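>>> dropping the sequence and predicted coords here.
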Amino acid sequence: MPIKTLVGPNVALLLKQAQTAIGADAVILHVRRLRTADGIQFEVAAADPTSAARSDLTVRGTPTRALEAMAPAPVANGPLVIALVGPTGAGKTTTLAKLATHPRVFGGWRVGLIGLDTFRIGAIEQLRTYAAIARIPCEIAYGGDDLDQARARLADRDVILVDTPGRSAGHRLDREFAQQLVQRLEPREVHLVIPAGTAPHLARAMIRESRQAGITHLLVTKFDEAPDESGVLDLSVELGLPVRWTTEGQDVPFDLASADDRIAASRRSRQLGTGYHEAVA
Ligand SMILES: Nc1nc2c(ncn2[C@@H]2O[C@H](COP(=O)(O)OP(=O)(O)O)[C@@H](O)[C@H]2O)c(=O)[nH]1
Ligand SMILES: [Mg+2]
């Protein structure tokens, strides 16, 4: 069956319709937000598993060549834990959903999600919706005990992606609490998520502050809004923080690119110096 595309205001309803049309094992290829004359609508594209595998990512022309190469190596004992931290609105939850569902990132891995953003209204729903779409388990933790239980329930996963609250300056205690929860999960990687258009002095301050939270990578988002900005990538080289992934739009999961793809695009649009590759893990 070819790909079925449904449009409407209610994602949950669209998913049900997709399952009715295709069957219970319908694979969701993308969920996209559309601005229409009737307001915000959603587009869900779905296919049966065979067509979905064949359609691959040709639905969109997004360069994905290097994404697989940018997936981390699996760990031998226990799930690989990757947390995304960073300012509110940077794109953490959206990027997490892209990573969880993009077939070229963790395709074939058993993925689980843990949400620690219990502070912001709607944050849990946002994460749960993405998890429901992708049919992957999602745990929400409010404190240390919850977290241990959540971690235990996801023990059979190959990778656990951890969503965290923003770092609003006025809520230092909340932030520290969330940092402690992240550390309790002993993440292999902690990616600081920063929009590409962030002024370099602000990005530098965020990085300095987040070093205490044990960040291992930068993840640069929203390149569609600042296609010519390379300031945050420059910082990654200067400060020795590798970049594995970048994002370039709101569409889950397709607006995700490997750092290599982004750097190649930046080099084409502006004659950039060398050095990013050393920072790219
Ligand atoms: N233009 C653009 N918007 C994005 C991108 N990634 C996320 N967003 C949007 O940024 C807003 C905040 O994203 P969200 O994931 O909730 O941020 P969080 O607070 O860090 O979890 C949402 O409207 C997203 O759709 C991107 O790469 N480009
Ligand atoms: Mg969020």
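Sure, I can see it. Residues are numbered from 1 along each chain as shown. Ligands and ions are numbered 1, 2, ... in the order given.

>>> tell me how many other residues crowd the residue of the stretch 1-150 of the chain found nearest ligand 2.
In the stretch 1-150 of the chain, the residue that lies nearest ligand 2 is residue 93 (3.3 Å; Cβ to the ion). Every C-beta, even on glycine, is put in place using the N, C-alpha and C of the backbone. Close neighbours of residue 93, defined as other Cβ atoms under 10 Å, add up to 23.

>>> likewise residue 142?
Residue 142 has 12 nearby residues by other Cβ under 10 Å.

>>> for whichever strand or helix holds the residue of the stretch 1-150 of the chain closest to ligand 2, packing partners?
Secondary-structure assignment from DSSP states H and E places residue 93 in helix 92-101. On a contact count with 3 or more Cβ pairs under 8 Å, 6 or more residues apart in numbering; DSSP states H and E, helix 92-101 meets strand 80-85, strand 111-115, helix 123-134, strand 159-163, strand 217-221, strand 243-247, strand 256-258.

>>> repeat that for 7 Å
On a contact count with 3 or more Cβ pairs under 7 Å, 6 or more residues apart in numbering; DSSP states H and E, helix 92-101 meets strand 80-85, strand 111-115, helix 123-134, strand 159-163.

>>> domain-wise, how is this structure divided?
When the chain is parsed with automatic domain parsing, its domains come out as 4-54, 68-279.

>>> do the shortest one and ligand 1 meet?
Meaning domain 4-54. No - if you take Cβ under 6 Å from any ligand atom as the test, domain 4-54 misses ligand 1, and the best it gets is 7.0 Å.

>>> report the closest residue of the stretch 151-281 of the chain relative to ligand 2.
residue 163 (5.9 Å).

>>> let me see the backbone angles for residue 141.
When read as degrees, to the nearest 10, the backbone of residue 141 gives phi -120, psi 130.

>>> coming back round to it: distance-wise, check the residue of the stretch 1-150 of the chain closest to ligand 2 relative to residue 77.
According to Cβ to Cβ, to the nearest Å, residue 93 stands 28 Å off from residue 77.

>>> if you skip the residues just before and after it, what's nearest to residue 9?
Excluding the flanking residues, the one nearest residue 9 by Cβ to Cβ, 6 or more residues apart in numbering is residue 41, at 5.7 Å.

>>> may I have the secondary structure class of the one you found?
State at residue 41, reduced to three classes by DSSP: H, G, I helix; E, B strand; the rest coil: strand.

>>> that one pairs with what?
Taking DSSP bridges as the rule, residue 41 bridges to residue 34.

>>> who touches it in this structure?
Contacts of residue 41 were listed using Cβ atoms under 7 Å, 6 or more residues apart in numbering, and they are 7-9, 34.

>>> inside strands: which ones of these?
Among those, DSSP state E puts 7-8, 34 in strands.

>>> from those residues, which is closest to residue 149?
Checking the ones in strands among the contacts of residue 41 against residue 149 with Cβ to Cβ, the nearest one is residue 8 at 36.2 Å.

>>> was I right to think the closest one contacts residue 14?
Yes - judged on Cβ atoms under 7 Å, residue 8 makes contact with residue 14 at a distance of 5.3 Å.
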